[in-house]
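> no FASTA, just this:
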Ligand SMILES: Nc1ncnc2c1ncn2[C@@H]1O[C@H](COP(=O)(O)OP(=O)(O)OP(=O)(O)O)[C@@H](O)[C@H]1O
């Protein structure tokens, strides 16, 4: 479980998060929405201590992040927007294997995880390719695969779909939904709610650093009205048409 209690975050005179209290249970699939600058990235960066609050507490599995930063980093996997600097190895497979290898896992387990992660992002067969020859969207997929291969208890993705084409987006979304069914807490920060509302459990919307809506995903359309979030019309999503 990830929990924030009375989180306040300021940059100079500006209050970016203002008394944010939230709980994301194991196995929940939460979409974090809100207009540009509403505080989404600032909030999720607190989940594993990349930023510290001016007031309030963040707990991961009941332990304050401030008391166990390494534990929080291990439990909460993060994928950021434009992950150009997240790579540590020359090839796709080696980069995805890097984290699991640091956990001291056996080679067979590392191999399984890399294979699973490549499958999830639609890059099977690209394992030996050099990362510097990949397109922007393909690099984004490698970054997502790297986080998946860590098999964290909670997975946070900040705008993960920006450079992804439709098949990759569908594949990643399906994997996230399956992971949440298996007990992983998922938080996706996104402006693009196509297909996501059908898979998510809950939508939290920020406005001016406060929680402006926290509703079941199937009630999100009316709740998000007026909060600067573009909500796709019913039937606009491919999944809604075909299911
Ligand atoms: N390091 C920083 N220093 C000063 N101000 C910052 C810093 N990081 C973020 N901000 C400000 O905090 C506010 C919230 O930013 P944040 O990135 O959390 O918003 P967001 O909801 O993720 O936006 P977007 O949808 O555009 O990604 C913005 O006004 C931003 O300018």
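Received it, and whenever you're ready, just let me know what you need. No experiment lies behind these values; they were computed from the predicted model shown.
> use CA for all of it now, contacts and neighbours both
Will do.
> Get me the contact residues on the protein for the ligand.
Counting by C-alpha under 6 Å from any ligand atom, the residues of the chain close to the ligand are 11, 16, 35, 36, 37, 38, 39, 40, 41, 42.
> Out of these, which end up buried?
Taking 16 or more other C-alpha atoms under 10 Å as the criterion, what is buried in the residues of the chain next to the ligand is 16, 35, 38, 39, 40, 41, 42.
> ok, the fifth one to residue 109 distance?
Pointing back at residue 40 there. Noted for residue 40: a distance of 34 Å to residue 109, by C-alpha to C-alpha, to the nearest Å.
> same check, this time on the second one
In this view, residue 35 and residue 109 are 41 Å apart by C-alpha to C-alpha.
> Report the buried residues of the one helix or strand residue 59 maps to.
In this assignment (DSSP states H and E), residue 59 forms part of strand 55-60. Within strand 55-60, the residues scored as buried using 16+ other C-alpha under 10 Å are 56, 57, 58, 59, 60.
> Give me the residues contacting that strand.
With C-alpha atoms under 8 Å, 6 or more residues apart in numbering as the contact definition, strand 55-60 has outside contacts at 1-9, 19, 46-47, 64-66, 72, 75.
> before we move on, the earlier item: now the buried residues of strand 55-60 as a markdown table including pLDDT?
Below are these laid out as a markdown table (pLDDT from 0 to 100):
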| residue | pLDDT |
| --- | --- |
| 56 | 98 |
| 57 | 97 |
| 58 | 98 |
| 59 | 98 |
| 60 | 97 |
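> Spatially central residue in the protein, please.
residue 157 (1.7 Å; C-alpha atoms, centre = their mean).
> three-state assignment of that one?
Recorded secondary structure, residue 157: strand (DSSP: H, G, I helix; E, B strand; the rest coil).
> Equivalent analysis for residue 191, please.
Using three-state DSSP, the structure places residue 191 in coil.
> Show the contacting residues for it.
Remark: with contacts taken as C-alpha under 8 Å, 6+ apart, residue 191 is in contact with 33, 34, 35, 159, 229, 230.
> Next, the buried residues of stretch 63-78.
For stretch 63-78, by 16+ other C-alpha under 10 Å, it's 63, 64, 65, 66, 69, 72, 73, 74, 75, 76, 77, 78.
> Any chance of JSON lines for these, columns secondary structure and distance to residue 220?
JSON lines is the format used below for the buried residues of stretch 63-78 (DSSP: H, G, I helix; E, B strand; the rest coil; distance: C-alpha to C-alpha, whole Å):
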{"residue": "63", "secondary structure": "strand", "distance to residue 220": "31"}
{"residue": "64", "secondary structure": "strand", "distance to residue 220": "30"}
{"residue": "65", "secondary structure": "helix", "distance to residue 220": "30"}
{"residue": "66", "secondary structure": "helix", "distance to residue 220": "33"}
{"residue": "69", "secondary structure": "helix", "distance to residue 220": "33"}
{"residue": "72", "secondary structure": "helix", "distance to residue 220": "30"}
{"residue": "73", "secondary structure": "helix", "distance to residue 220": "30"}
{"residue": "74", "secondary structure": "helix", "distance to residue 220": "31"}
{"residue": "75", "secondary structure": "helix", "distance to residue 220": "28"}
{"residue": "76", "secondary structure": "strand", "distance to residue 220": "26"}
{"residue": "77", "secondary structure": "strand", "distance to residue 220": "26"}
{"residue": "78", "secondary structure": "strand", "distance to residue 220": "25"}
